[in-house]
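J.: Just the structure for this:
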Amino acid sequence: MNLSLPAPSQARAAPSSIRESAAVKWLLIALAGGFAALFLLLPLINVFAQAFSGGWAPYWKAVTDKDTGSAIRLTFLVAAISVPLNVIFGLASAWAIAKFDFRGKAVLLTFIDLPFSVSPVVAGLLFVLLFGANGLFGGWLAAHHVKIIFALPGLVLATIFVTFPYVARELIPIMQDQGSEQEEAALTLGANGWQTFWRVTVPSVKWGLLYGIILCNSRAMGEFGAVEVVSGHIAGQTDTLPLRVDKLYNEFDPVAPFAVATLLAFLALATLCVKLFLEWKSRDES
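T.: Just a heads-up that it's a prediction; the model follows:
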């Protein structure tokens, strides 16, 4: 008897186009394009124009400064720690919410959405109140020579808090739409839970997972509010790239903050290119 996994259900095909007059169509396109140009493209062009307003030498000096180099390394380090942890949490929480019924599911969904409604500055302040010198656990941490606030652990905690919804929220609707038929069939064929997860669940949501990782990583590298509160702004030690830009701007340097900001812009553009590539690959496979 030949057993195979059932194919996921296909969504109802959307209409190929919406019938509307040409005037309305081009008006909507013009409004969308104008808004994007005014609020996205022009500020980006201005950043690069200001960065190179003094020529190549001041730009190169700003981006190769030792404190800027430390900020770059710290930014990547914080992202390298927080993003994988959020991937683990996102996969686990999305699988639990989409595949199982349990008491407290609504509460878990509320906690996942919490960073969307809480200001990052407030989140950073909460960590200070918990782990700072005068915080709830500050005395115990000081007695055991553990430093969280104004150090790498505080930056990682703040970044994890503001970014942990992205992977989960990308995966939950995909897993809910697919249902649990494939997993049930795999279990019927003799696979255990771990094999089912890695060979059935993860491959079926790989594009959503990659999108979630991209969004999470982009936010982790560009986060300012929460990490600004817990960092202490120690140059060369706790300044990430966004904090470095803010510090240089407050020093009234006409070139350096924009030069360092172009590094964040390059990271954003690289993220966008990866996202477009994944969208192209996903359409190619569908």
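
J.: just checking, what packs against the helix or strand where P173 lies?
T.: Assigned by DSSP states H and E, P173 belongs to helix 165-178. Packing partners of helix 165-178 (3 or more C-beta pairs under 8 Å, 6 or more residues apart in numbering; DSSP states H and E): helix 66-99, helix 105-117, helix 206-222. C-beta coordinates here come from the backbone N, C-alpha and C atoms, glycine included.

J.: starting at the chain centroid, how far to the second one?
T.: Think helix 105-117. Centre-to-centre, helix 105-117 and its host chain are 17 Å apart (C-alpha atoms, centre = their mean, to the nearest Å).

J.: Give me the buried positions along the helix or strand just after that helix.
T.: Beyond helix 105-117 in the direction of the C-terminus, DSSP H and E gives the next helix or strand as helix 120-131. Residues of helix 120-131 classed as buried by neighbour count (16 or more other C-beta atoms under 10 Å): 120, 123-128, 131.

J.: Tell me what angle the helix or strand harbouring T159 forms with helix 120-131.
T.: Using DSSP H and E, T159 sits in helix 152-163. Interaxial angle of helix 152-163 relative to helix 120-131 (axes from the mean of the first three to the mean of the last three C-alpha atoms, to 10 degrees): 140 degrees.

J.: what packs against helix 152-163?
T.: For helix 152-163, the packing partners by 3+ C-beta pairs under 8 Å, 6+ apart are helix 66-99, helix 105-117, helix 120-131, helix 206-222, helix 225-231.

J.: List the contacts of the closest residue to F164 other than its chain neighbours.
T.: Excluding its sequence neighbours, the residue lying closest to F164 (C-beta to C-beta, 6 or more residues apart in numbering) is N86, at 4.7 Å. By C-beta atoms under 8 Å, 6 or more residues apart in numbering, the contact list for N86 reads 160, 163-164, 166-167, 216.

J.: For K25, the count of nearby residues, please.
T.: Close neighbours of K25, defined as other C-beta atoms under 10 Å, add up to 13.

J.: Over to V205?
T.: When counting by other C-beta under 10 Å, one arrives at 22 neighbours for V205.

J.: got it, and G193?
T.: For G193, the neighbour count with other C-beta under 10 Å is 11.

J.: show me the contacts for S180.
T.: K99.

J.: what's the pLDDT at it?
T.: pLDDT for S180: 77.

J.: So what does it look like in phi/psi?
T.: phi -120, psi 20 (degrees, to the nearest 10).

J.: Now do the most centrally placed residue in the chain against F111, distance only.
T.: The centroid of the chain falls nearest to C216 when counting by C-alpha atoms, centre = their mean (1.6 Å). C216 is 17 Å from F111, where distance means C-beta to C-beta, to the nearest Å.

J.: Kindly report the same for P153.
T.: Taking C-beta to C-beta, one finds P153 at 21 Å from F111.

J.: And V245, by the same measure?
T.: Here V245 is placed at a distance of 31 Å from F111 (C-beta to C-beta).

J.: between these two, which one's more packed in?
T.: For V245 versus F111, neighbours defined as other C-beta under 10 Å are more numerous around V245 (24 against 14).

J.: Pull the distance from the helix holding T159 to the chain's centre.
T.: In terms of C-alpha atoms, centre = their mean, the centre of helix 152-163 is found 12 Å from the chain centre.

J.: Other residues contacting it?
T.: Residues contacting helix 152-163 (C-beta under 8 Å, 6+ apart): 74, 77-79, 81-83, 85-86, 115, 120, 123-124, 127, 131, 147-148, 216, 219-220, 223, 225-227, 229-231, 238, 240.
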